[in-house]
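[1] what follows is a protein structure lacking sequence information:
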């Protein structure tokens, strides 16, 4: 699968944001107590990167479809990405060794990357 340049930049931005969150948790905890947050940020960031892949694939496929089919396909893909986010947040809430706030930070990295790239292009 060939990724667009925009998707590659988003992935790098998500990785950088996740790394910043992890460094912040290491500074805050100053012990191995940062590990649940680290696992949460890692899980959330992986899901954000998967969402970038899914979104890039959705856009490429929808461009080759007719208007009605593309609309249905894009809506279904949106629901899949939304469901994936809900599943990972649920995992962060119920698994004791994964910090929910870390998962939320990793998931929010997708939106932060989107805004960061939007403003970098202006």
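    Arrived safely, thanks for sending. Values in this document were obtained by computation on a predicted structure and should not be read as measured data.
[2] and the most centrally placed residue in the chain, how far is that from residue 29?
    Central residue of the chain (CA atoms, centre = their mean): residue 48, 1.3 Å from the mean position. To residue 29, residue 48 is 23 Å away according to CB to CB, to the nearest Å. C-betas here are computed from N, CA, C, even on glycine.
[3] can you check residue 87 too?
    27 Å.
[4] buried stuff in the lowest-mean-pLDDT helix or strand in the chain?
    Between all helices and strands in the chain, the lowest mean by mean pLDDT, DSSP states H and E belongs to helix 100-121, at a mean of 90. By neighbour count with 16 or more other CB atoms under 10 Å, helix 100-121 contains the buried residues 100, 102-107, 109-110, 112-114, 116.
[5] elements contacting it?
    helix 5-29, helix 35-62, helix 67-94 (3 or more CB pairs under 8 Å, 6 or more residues apart in numbering; DSSP states H and E).
[6] format those helices as TSV; extra columns: distance to residue 120 and mean pLDDT.
    Listed next are these as TSV, based on distance: least, CB to CB, whole Å; pLDDT from 0 to 100:
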stretch	distance to residue 120	mean pLDDT
helix 5-29	8	93
helix 35-62	16	94
helix 67-94	23	93
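[7] just the ones you listed: most buried one?
    The highest mean neighbour count among the helices and strands packed on helix 100-121, using mean count of other CB atoms under 10 Å, belongs to helix 35-62: a mean of 20.
[8] for residue 30, grab phi and psi.
    phi 50, psi 30 (degrees, to the nearest 10).
[9] how about it, what does it touch?
    Going by CB atoms under 8 Å, 6 or more residues apart in numbering, residue 30 touches no other residue.
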